[in-house]
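**Q** For reference, the sequence and a predicted model appear below.
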Amino acid sequence: MNVFSAMEIISSSLTAQRTRLNLVASNLANAQTTRTEEGGPYRRKDPVFESEPIQNRFQELLGDRLAKEAQGVRVKDIVVDQTEPQRVYDPGHPDADASGFVAYPNVNVTEEMVNMIMASRAYDAGATAMKAMGRVGRSALNIGG
């Protein structure tokens, strides 16, 4: 595996974690949204990740087995949480039902904050690895030059 393959793998993880952070931000922003275009309260969303082979034709031609087995990550799907909405008694709310209950989104702010911290740390780790691979690449150029 060469520096470029490693950078491609790291890049795929950065993209996946950026998507995860965007979904967490959307979940937090809509934690009180009781009415959506689809009808009913907002439903939280989560990414589903899957491994994805890194395409590097040059290394395949050289017969590099490690390059053939290198896997990145991608967002396969974004799933909507089907947990029931939280019902809160608030008869003055415009979306209250006949009993005075309002259906609020199934967003747990504490859980979303934990997800945000985990995604942020994973993104930071990827950014640090990308910087390290850049230094490795520069060092290789200096040695060869």
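**A** Right, received. Where do you want to start?

**Q** how about the nearest residue to the residue nearest the centre of the chain, chain neighbours excluded?
**A** Nearest to the mean C-alpha position of the chain, by CA atoms, centre = their mean, lies Arg20 at 2.1 Å. Nearest residue to Arg20, sequence neighbours excluded (CB to CB, 6 or more residues apart in numbering): Ala119, at 4.3 Å. (Glycine included, C-beta is placed from N, CA and C.)

**Q** pLDDT value on the one you found, please?
**A** Per-residue confidence at Ala119 stands at 95 (pLDDT).

**Q** and what of Gly145?
**A** 61.

**Q** Check Ile54 too.
**A** Ile54 carries a pLDDT score of 80 in this model.

**Q** next one: phi and psi at the residue nearest to it when sequence neighbours are not counted?
**A** Distances taken as CB to CB, 6+ apart place Ala70 nearest to Ile54, at 4.4 Å, with adjacent residues excluded. Note on Ala70: its backbone torsions stand at phi -60, psi 130 [degrees, to the nearest 10].

**Q** how close does Ala70 get to Met7?
**A** The gap separating Ala70 from Met7 is 11 Å, by CB to CB, to the nearest Å.

**Q** Look at these two and report which has more neighbours.
**A** Per other CB atoms under 10 Å, whichever of Ala70 and Met7 has more neighbours is Ala70, with 20 against 16.

**Q** Surely that one and Ile10 touch.
**A** No. Assessed by CB atoms under 8 Å, Ala70 is found out of contact with Ile10, at 11.4 Å.

**Q** shared neighbours of the two, anything?
**A** Counting by CB atoms under 8 Å, 6 or more residues apart in numbering, Ala70 and Ile10 have no shared contacts at all.

**Q** so where's this structure uncertain?
**A** The chain contains residues with pLDDT under 70 at 1, 56-68, 144-145.
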